[in-house]
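K.L.:
my questions are about this predicted structure, shown below with the sequence.
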Amino acid sequence: MVLIKDGAIADDPYVAFEGAQSIDPGQAVSVSLADWQADREAIRAQDAPVALRLPNDAAMEDIAGDLPEFAAIIVEFPTFSDGRAFSQARQLREQFGYQGEIRAVGHVIRDQYLFLHRCGVNAIEVADEKALAAWNTAMNEFSLFYQRTVDRRTPVSALRGRVSGSVS
């Protein structure tokens, strides 16, 4: 897998933490929600960046108090047709003010890249590094939007008033 972060290929600093294992001091780790809940103190004791892997059925309210502890939140797309991780990303940004990396993993396709970004995702794992140009092209396929989101682009309804000189 290749990591695209903020539009460029990036190194993934995290190694997977699997249960009660020893971690090299200072090593950035990614942990499942279950492992975080079970081994939180041991993980904190490592004094290293932590990425939390969230199942797409996790409630954001359950982790809200721990958000400052995570350098990254990894939202999972187990199937193409299950978009709950879009909502998780948007909640993290808008409702809880999370400023760290939000990474999408799993069954995500290029056509979703712009919409992931609009929901607050700034990193994505993709299978093919050679497809970076195509993924980045997806970010510019649409220039007008109807909804406000975390990317703060002006929606069409606000633009209409500017063009016609009237207020909508």
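P.N.:
Nice, thanks for sending it over. Numbering: from 1, shown residues only.
K.L.:
and the residue positioned nearest the centre of the chain, what does it touch?
P.N.:
Nearest to the mean C-alpha position of the chain, by Cα atoms, centre = their mean, lies Ile102 at 2.5 Å. Contact partners of Ile102, counting by Cβ atoms under 8 Å, 6 or more residues apart in numbering, are Ala72, Ile73, Ile74, Val75, Ala89, Leu92, Arg93, Gly120, Val121, Asn122, Ala123. Heads up, the C-betas are built off the backbone N, CA and C, glycines and all.
K.L.:
and it, which of the three is it?
P.N.:
Following DSSP: H, G, I helix; E, B strand; the rest coil, Ile102 is assigned to strand.
K.L.:
show me the beta-bridge partners of it.
P.N.:
When bridges are called by DSSP bridges, Ile102 pairs up with Ile73.
K.L.:
please tell me how far it sits from Arg93.
P.N.:
According to Cβ to Cβ, to the nearest Å, Ile102 and Arg93 sit 7 Å apart.
K.L.:
which neighbours do the two share?
P.N.:
Counting by Cβ under 8 Å, 6+ apart, the contacts common to Ile102 and Arg93 are Gly120.
K.L.:
which of the residues in the helix ranked longest in the chain are classified as buried?
P.N.:
Longest helix of the chain, by residue count under DSSP state H: helix 33-45. Neighbour-count burial for helix 33-45, counted by 16 or more other Cβ atoms under 10 Å, picks out Asp35, Trp36, Asp39, Ile43.
K.L.:
same deal with stretch 82-93?
P.N.:
Buried positions in stretch 82-93, judged by neighbour count with 16+ other Cβ under 10 Å: Arg84, Ala85, Phe86, Gln88, Ala89, Arg90, Gln91, Leu92, Arg93.
K.L.:
which other residues reach it?
P.N.:
With Cβ under 8 Å, 6+ apart as the test, stretch 82-93 has contacts from 54, 56-58, 60, 67, 73, 75-77, 98, 102, 104, 106, 115-116, 119-121, 149-150.
K.L.:
what about the strands in this protein?
P.N.:
All strands of the chain, identified by DSSP state E, fall at 2-5, 8-10, 15-17, 29-32, 50-54, 72-77, 101-106, 123-126.
K.L.:
filter the contacts of stretch 82-93 down to the buried ones.
P.N.:
Neighbour-count burial (16+ other Cβ under 10 Å) is assigned, among the contacts of stretch 82-93, to 54, 56, 58, 60, 67, 73, 75-77, 98, 102, 104, 106, 116, 119-121, 149-150.
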